[in-house]
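Novice: Model the following, please.
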Amino acid sequence: MDKIGLFYGTYTGITGVIAEKIAEELGKDNVNLHNISKDGDLMQNYKKLIIGTSTWSIGELQEDWDNFMPKLQEMDFNGKIVALFGTGDQIGYPDTFLDGMGMLYETFQYRGATFVGFWPTQGYDFTSPLPLLDHDHFVGLAIDEDNQAELTNMRIKEWCKLLKPAFGLE
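Specialist: Purely as a prediction, here's the structure:
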């Protein structure tokens, strides 16, 4: 079985902690964890990817992902399965909540990725259209540690249940 490459960018450490929890839930033997600032070039070695980011300031991509974007835009993701997760603050920044995840979705989509792991918007309060697949779904798992930390572990567990069949872990 091919391992899953889980690549994340983190500034305060929250996205890294979420990445570790996802790896734990999927089984650490099934996932290789990578910080995009150090290991981004390894991304092409995986057929199965989980991509995590936060959104910074007012709708900006996390700095490590922003720095890696020129290389990312040259990569081919045809035949690769990609799941996304994002961290953000829906109350403080409802107009840009998870915009970073939306930006990465657009980039990977343009490069040919096949996506799994869409997440329902029910239970969130935000106005940004960028992280949405449609009115009822985010393009990936939405985590708000600032306002809904008590829901994080349950959301990760449920999301990973969705990912397991797509990644051949059942």
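
Novice: Give me the pLDDT value at Trp56.
Specialist: As predicted, Trp56 sits at a pLDDT of 86.

Novice: ugh, typo on my part, it should be Ala23
Specialist: 98.

Novice: before we move on, which element is it in?
Specialist: helix 14-26 (DSSP states H and E).

Novice: That helix: which residues count as buried?
Specialist: Ile14, Thr15, Gly16, Val17, Ile18, Ala19, Lys21, Ile22, Ala23, Glu25, Leu26 (16 or more other CB atoms under 10 Å). C-beta: built from backbone N, CA, C; applies to glycine.

Novice: for this protein, which strand is longest?
Specialist: strand 48-56 (DSSP state E).

Novice: For the helix or strand bottoming out on mean pLDDT in the chain, which strands pair with it and how are they oriented?
Specialist: For the chain, scoring each helix and strand by mean pLDDT, DSSP states H and E identifies strand 60-61 as the least confident one, at a mean of 90. Looking at strand 60-61 with DSSP bridges, its partner strands are strand 48-56 (antiparallel).

Novice: Mean confidence (pLDDT) on stretch 63-73, please.
Specialist: 95.

Novice: right, I mislabeled it, should have said stretch 154-167
Specialist: On average, stretch 154-167 scores 97.

Novice: Please point out which parts of it sit buried.
Specialist: Buried, per 16+ other CB under 10 Å, within stretch 154-167: Arg155, Ile156, Trp159, Cys160, Leu163, Phe167.

Novice: In contact with the last one, which residues?
Specialist: Remark: with contacts taken as CB atoms under 8 Å, 6 or more residues apart in numbering, Phe167 is in contact with Ile4, Leu26, Asn30, Lys48, Ile81, Ala83, Val116.

Novice: Quick check on those residues: which are buried?
Specialist: Buried members of the contacts of Phe167, counted by 16+ other CB under 10 Å: Ile4, Leu26, Asn30, Lys48, Ile81, Ala83, Val116.
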